[in-house]
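Student: Whatever this is, show me its structure:
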Amino acid sequence: MVAVIGLAYAFPVLYLVGAAVGLGPDLWEKLASTAAAPLRNSITIAVAVAAACAVLGTTLAWLVTRTDLPGRRIWRVVLPLPLVIPSFVGATALLAAFGRGGLVPFIPRIEGFWGAFLVLTLLSYPYVYLPVSARLSTTLPSLEEASRLLGHRPASTVLRVVLPQIRHTVAAGTLLVALYALSDFGAVSLMRFDTATRVIFASRLFDRSTSLTLGLVLALLALGVAAAERLETRRWRPATGVGTRQITYHLGRASTPALLMVAAVAATALVAPLAVFVSWVIRGSATVGVGYEGLGDSLAFLLSPALGSAVAAVAAAIVAVAVTFPVAVAAARPRGRVPTVAALIVTSVFALPGLVVALAVVFWAVQAPGPLAGLYQTFPLLVFAYVLHFGAQAMGATRSAALDVPRLYDDAGRTLGAGPRRRFLRIELPLLRPGVLTGAGLVMLSTLKELPATLLLAPIGFETLATRIWGAAEDGFFAEVGITSLTLVLVSGVLTWALLLRRELRR
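Tutor: This next block holds a predicted model:
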């Protein structure tokens, strides 16, 4: 089964390989002449954003899950939400918020590398924050208690005991950030930072050789990054111990600076874009007929896209978790090379631009024989494209959770006479559940804002909030962009609460 899943995920990469091989000598010529500078910029922005998100996401996760930070329950709901804002919308909001004519005119507008870095960091840190938050709820408190009994201060305990336990989870989230930064088009394009994805989109119609070459190189880069992360986690051995209740650290005098930092991140990543959206609605409400009277009737056009987004996101999350679960569990254990190769292939697809994945699926659907030819522009094929593109998110979170399951629990169950199936259902699956739910949440939030696959593969008449935002932005209806973006954040908040946060908040 793992090999079959790996082959299915290999299709977009094989599509690029077949198309690029057909270019002949043009492949290397394009790579040397036009691809070097964009690739260098792509690697630079990916490394910078990944490093920043690793620090920011881990810090935020620790503050809201393991300290007495004021309002931490509210922050748990707020902090994941920037992930749902499409990068092109976030970049547009940032450009509209600052500089002359913006909401905050005394702060200069940021463009180029630093503008793209700021947007991608603020919208991508939840890739680290969510899995690390889940992991921090399953670390072994007995080790921290032992450290405190030996006289170590809280800061020393966190550095020496907590961080080593979550190290590979941070690495997995950082990998997702790096791959997302490699594949992003919206933010880097609007910020005028020339990367490989911008060249792919610009040349996809008139210079197909350049587009295919860069797409293939991005896939190879992703394989290299995933292989390096895999080598690091192969040496991982989960800690063993006992304990059920996580330790809460008291911030003391650091409470105010920590609260200000969390509030600043939330204000910049979420409140500022929302303020821009609200200002667009207020300034241009007449464009879409949004008035203060009869508001419910005027917003009825959002009902169908909101429902379509929710259904597609939930379906993609469920299917992605189910499909990648065998690969994640097998790759977390030394069971040969097949699971490792399959995991690398699944990860590499996430670095491809959404348009490349969508084109590969379209190619397959059009060329498919017999009854499979009727899948083009159907909902199952659309979900299949989502699962291909975002399956690495579900697999990464599940694999991180599987790496943390102490083997002594399985040994104890075997000693008590429990069979493999019972041990999995009663021991491993409850321990894997936080990681599985986190992976599902990441896929769900990413699907909500996905655009290229939806535009190319969605059934006729099927509309999502992301496609609605794109159409309104193309037409210059910024009031509609604003109200639809607000609805997108609201839908994502509801789904995130239902899937990830309800049980945590009850606790």
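
Student: Provide a list of residue ranges in the stretch 351-500 of the chain with pLDDT below threshold.
Tutor: Low-confidence segments of the stretch 351-500 of the chain, defined by pLDDT under 70: 368-373, 406-411, 498-500.

Student: For it, which segments count as helices?
Tutor: Remark: helices assigned in the stretch 351-500 of the chain by DSSP state H, counting those that start in this stretch are 354-367, 379-403, 407-415, 420-423, 429-449, 452-457, 465-475, 478-496.

Student: Give me the distance from the second one to the chain's centre.
Tutor: When distances are taken as Cα atoms, centre = their mean, to the nearest Å, helix 379-403 is centred 10 Å away from the chain's centroid.

Student: Show me what counts as buried in it.
Tutor: By neighbour count on 16 or more other Cβ atoms under 10 Å, the buried set for helix 379-403 is 379, 381-403. No exception for glycine: its C-beta is placed from N, CA and C like everyone else's.

Student: and among the helices of the stretch 351-500 of the chain, the most buried is which?
Tutor: helix 379-403 (a mean of 26; mean count of other Cβ atoms under 10 Å).

Student: Mind putting the helices of the stretch 351-500 of the chain into TSV with distance to Leu307?
Tutor: What follows is these, written out as TSV (distance: least, Cβ to Cβ, whole Å):
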stretch	distance to Leu307
helix 354-367	22
helix 379-403	13
helix 407-415	42
helix 420-423	38
helix 429-449	12
helix 452-457	14
helix 465-475	10
helix 478-496	9
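
Student: looking at these, which is closest to Ala196?
Tutor: helix 354-367 (10.9 Å; Cβ to Cβ).

Student: Does anything pack onto that closest one? Which helices or strands?
Tutor: helix 2-21, helix 196-203, helix 379-403, helix 452-457 (3 or more Cβ pairs under 8 Å, 6 or more residues apart in numbering; DSSP states H and E).

Student: contact partners of it?
Tutor: 11-12, 15-16, 183, 185, 200-201, 204, 215, 349, 372-373, 375-376, 381, 384-385, 388-389, 450-453, 455-457 (Cβ atoms under 8 Å, 6 or more residues apart in numbering).

Student: so what's Leu190 closest to, chain neighbours aside?
Tutor: Ala91 (4.0 Å; Cβ to Cβ, 6 or more residues apart in numbering).

Student: Surely that neighbour and Met191 touch.
Tutor: Yes: the criterion here is Cβ atoms under 8 Å, and Ala91 meets it with Met191 at 5.9 Å.

Student: unless I'm mixing things up, Asn41 is touching Thr197, no?
Tutor: No: counting by Cβ under 8 Å, Asn41 stays clear of Thr197, with 10.0 Å between them.

Student: what about those two, which has more around it?
Tutor: Thr197 (28 against 19; other Cβ atoms under 10 Å).

Student: So which of the helices and strands packed on helix 354-367 is nearest Gln246?
Tutor: helix 379-403 (15.9 Å).

Student: how many degrees apart are that closest one and helix 354-367 in direction?
Tutor: Following axes from the mean of the first three to the mean of the last three Cα atoms, to 10 degrees, one obtains 130 degrees for the angle between helix 379-403 and helix 354-367.

Student: Tell me the helices and strands packed up against helix 379-403.
Tutor: Against helix 379-403 (3+ Cβ pairs under 8 Å, 6+ apart) you get helix 2-21, helix 126-136, helix 163-183, helix 303-331, helix 337-350, helix 354-367, helix 429-449, helix 452-457.
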